[in-house]
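structure, please.
(2 chains)
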Amino acid sequence: MSQPSNVPEPQLDHLYQEVILDHNKKPRNYKVIPQPQLHSHGLNTLCGDEYFLFLNTSPEGKVTDIGFQGSGCAISKASASIMTTLVKDKTIEEVKILKDSFLDFMLKDGITASKEKIGRLKMFEGVKEFPVRVKCATLIWRTLEDALNNIHERKE
Amino acid sequence: MTNKIKTQTLDINKIREDFPVLAESMNRHPLVYLDNAATSQKPKSVINRMHDFYSKQYATVHRGVYTLSQNSTWECDLVRNKCREFLNARDTSEIIFVRGTTEAINLAAFGYVRKFLKAGDEIIISEMEHHANIVPWQLLSQEKGFKLKVVPVSDDGELLMDAYQKLLTEKTKLVAITHISNALGTVNPIKQITHLAHQAGAKVFIDGAQGAVHLKVDVQDIGCDFYAFSGHKIYGPTGIGVLYAKRELLEAMDPYQGGGEMIELVTFEKTTFAKPPLKFEAGTPAIVETIGLGPALDYVMTLGFDRIEAYEQSLLKYATEKMSQIEGLTIIGRAKQKDALVSFTLKDIHPHDIGTILDQEGIAIRTGHHCAQPIMRRFGLPATARASFAFYNTKEEIDKLVAGIEKVKEVFA
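Numbers count the residues shown, from 1 in each chain, chains lettered A, B, ... in the order given. The predicted structure is shown next:
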């Protein structure tokens, strides 16, 4: 039995890299922000992964504080943790560009995003070798998208 | 079959040769298929029978006056009789072909419960039910004002029979309970459950999706009013399953779906219905899937449930011993009467990560909530990993599973 031809041969160490395992073990910004300006709840109904995301912004449109809590696999939790570290102190416009670039990188075929555009997020390239796990990496970014659009509930 | 053959142990190597997919490799490893509670693999006899039927015998059923159709009808009737024999039903009219257990439950819900229960009547289910044995009753209850009551389970995953007895009242009109839990492996005392329900004047529906695969089912001995199972879990095709119901209930019930084949006479004013089983089988059925169910039942009946059970229990014992020795592994569901299935958690490692790493070792297990979210909630877990065994699995495969779990721990060390 073989994988579909457009998917590279999966390798576990591409999926479970040191950085990802570290963020899974010690998630950053793992906290509830009481009465946040923006928030959303992302749920992957198929596997049950779920996260609550909270953001505060400054009048100039910068993300001043971000936190998340919830449960899910190592990939979804690490992705959430890494996302919060990258988004903090960016303007909402910058955040939207990063989010769109990352989602394109993960979901579209043949996209080899440059490091300038998505930076450290390139480490999630290995997840694409495991097609069923891509939604784990994108869940928190979808939740972020919803929070920015004032949508408070997402089910995938 | 002679008694001599029956007492012999199973020749697992020979059995494995009957299931072609077991010789496949997965991610550069020999496939170790341990997701049998979700769906089981198919023996050559099922695959070949369906192929041959399409190649040489296929035609519609119950309609044609021509020989090919008459033969097709005859072959399907033979399978219906085999199902009767398999469940020890009194009559073939008590065997309704459905798509699977889910459709069987919906059929009973809409054909029986919808007609005979009144607002305020109570339906009892259990905390360990599959969503398929919760949602149909819930939908009807919301529409009709029935009350759904839930039998709790112990920390070991056993039904609390005292609590069950207390829930039974003169308002209880139906008890719908699974024979074997797909999430925990618990084997429920369905004969006792049925007896108590009947004393209270309630009918009993047994979800046999797991039960019919692992244990000999005798519906007359159990005494239940309904029993359902799916072909695809018992080494047969998808898209075919059986609802057994007592003849007098089927006579009284409303049809589930309207259409061709289930009628006697149709005018624009009124339709009279065919007698059971056809009353409940609207439209052209899954003919070749029905045909394929025959050799699947032959396969398990030839092996014999006494031998299947003895062997599967030896696998369960071995897996439980080996897996209990893994530090950080917790087995969820430790009922005294248990089917060959081990649901587990591993420290704080998410089941999906366990599943992905095992898959790279060629080992297929189920991870998630097993379509039984309430029982997951009962144990405070969002998900578990589950290895479920069939008679074609081996102790060597369990050793590979154990080695795979050790590898998961290394990755997450």
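
in terms of helix, strand or coil, where does the most centrally placed residue in chain B fall?
With distances taken as CA atoms, centre = their mean, B:A209 lies nearest the centre of chain B, 0.9 Å away. Look at B:A209: counting by DSSP: H, G, I helix; E, B strand; the rest coil, its state is coil.

any idea how far chain A is from it?
Going from B:A209 to chain A by CB to the nearest CB, to the nearest Å gives 20 Å. (Glycine included, C-beta is placed from N, CA and C.)

now do B:L148
Per CB to the nearest CB, B:L148 is found 22 Å from chain A.

for B:K347, same thing?
The gap separating B:K347 from chain A is 11 Å, by CB to the nearest CB.

mind pulling the model confidence for that residue?
Looking at B:K347, its pLDDT stands at 95.

related to what we said a few turns ago, so what's the residue nearest to the centre of chain B closest to, chain neighbours aside?
With sequence-adjacent residues excluded and distances taken as CB to CB, 6 or more residues apart in numbering or on different chains, B:A209 is closest to B:T101, at 4.1 Å.

what lies in contact with the host helix or strand of B:I124?
In the assignment (DSSP states H and E), B:I124 maps to strand B:122-126. For strand B:122-126, the external contacting residues (CB atoms under 8 Å, 6 or more residues apart in numbering or on different chains) are B:113, B:117, B:133-134, B:137, B:141, B:146-153, B:159, B:164, B:167-169, B:171-178, B:188, B:197, B:202.

avg pLDDT for the very next helix or strand once past it?
Next along the chain after strand B:122-126, taking DSSP H and E as the criterion, comes helix B:135-144. For helix B:135-144, mean pLDDT rounds to 96.

can you check stretch A:55-70 too?
The average of the pLDDT scores along stretch A:55-70 is 95.

stretch A:14-23 now?
94.

check whether that stretch comes into contact with chain B.
Yes - if you take CB under 8 Å from any CB of the partner chain as the test, stretch A:14-23 does meet chain B, through A:L15, A:Y16, A:L21.

now the angle from the strand holding B:I124 to helix B:135-144?
Calculated by axes from the mean of the first three to the mean of the last three CA atoms, to 10 degrees, strand B:122-126 forms an angle of 160 degrees with helix B:135-144.

distance from the chain centre to strand B:122-126, please.
Centroid separation for strand B:122-126 versus its chain: 19 Å, with CA atoms, centre = their mean, to the nearest Å.

need the phi and psi values for B:E269.
phi -90, psi -30 (degrees, to the nearest 10).

identify the residues contacting the residue of chain A found nearest chain B.
Closest residue of chain A to chain B, CB to the nearest CB: A:C73 (3.9 Å). Neighbouring residues of A:C73 by CB under 8 Å, 6+ apart: A:C47, A:D49, A:R133, A:C136, B:H350, B:P351, B:H352, B:D353.

next: B:K42.
B:F19, B:V21, B:Y235, B:G236, B:P237, B:A296.

can you say which of the residues you listed are buried?
Buried members of the contacts of B:K42, scored by 16 or more other CB atoms under 10 Å in any protein chain shown, are B:F19, B:Y235, B:G236, B:P237, B:A296.

any residues of the stretch 301-413 of chain B in contact with chain A? List them.
Residues of the stretch 301-413 of chain B lying near chain A (CB under 8 Å from any CB): B:349-353, B:356-357, B:360, B:367-369, B:373, B:382-383, B:411-412.

coming back round to it: return the member of the contacts of B:K42 nearest to chain A.
Ranked by distance to chain A (CB to the nearest CB), the contacts of B:K42 are led by B:V21 at 9.0 Å.

burial measure for B:Q199, as a count.
Per other CB atoms under 10 Å in any protein chain shown, the neighbour tally for B:Q199 reads 10.

could you list the low-pLDDT ranges of the chain?
Looking at chain A here, since you left the chain open. Within chain A, the stretches with pLDDT under 70 are A:1-7, A:111-116.

meant chain B, my bad for not saying
B:1-7.

ok, the closest residue to chain A within the stretch 101-250 of chain B - contacts?
Proximity of the stretch 101-250 of chain B to chain A (CB to the nearest CB) peaks at B:H131, 12.0 Å away. The contact partners of B:H131, by CB under 8 Å, 6+ apart, come to B:C371, B:A372, B:Q373.

and the last one, how many neighbours?
Yep, that's B:Q373 we're talking about. Other residues near B:Q373 come to 16 when the count uses other CB under 10 Å.

try the first one
Taking other CB under 10 Å as the neighbour definition, B:C371 ends up with a count of 18.

that one against B:H130, yeah?
Yes - applying CB atoms under 8 Å, one finds B:C371 in contact with B:H130, separated by 5.3 Å.

list residues touching both of these two?
B:N182.

wait, B:G355 touches B:A385, no?
Yes - B:G355 is within contact range of B:A385, at 6.4 Å (criterion: CB under 8 Å).

would you mind listing what in chain A touches chain B?
With CB under 8 Å from any CB as the criterion, chain A meets chain B at residues A:1, A:10, A:12, A:15-16, A:21, A:46-50, A:71-75, A:77, A:130, A:133, A:136.

pull out the buried residues from those residues.
Buried residues within these, counting neighbours by 16+ other CB under 10 Å: A:10, A:12, A:15-16, A:21, A:47-50, A:72-75, A:77, A:130, A:133, A:136.

re the thing from before, show me the contacts of strand B:122-126 that map onto strands.
Filtering the contacts of strand B:122-126 for membership in strands, criterion DSSP state E, returns B:K147, B:L148, B:K149, B:V150, B:V151, B:T172, B:K173, B:L174, B:V175, B:A176, B:I177, B:T178.

tell me the contacts of the third one?
Contacts for B:K149 (CB under 8 Å, 6+ apart) come out as B:E122, B:I123, B:I124, B:I125, B:L167, B:T172.

pick the one among these closest to A:M106.
For the contacts of B:K149, the closest approach to A:M106 (CB to CB) belongs to B:I125, at 40.6 Å.

what residues are bridge-paired with that closest one?
As for beta bridges, B:I125 partners with B:V150 under DSSP bridges.

which among the residues of the stretch 301-413 of chain B next to chain A end up buried?
Neighbour-count burial (16+ other CB under 10 Å) is assigned, among these, to B:349-353, B:356-357, B:360, B:367-369, B:373, B:382-383, B:411-412.
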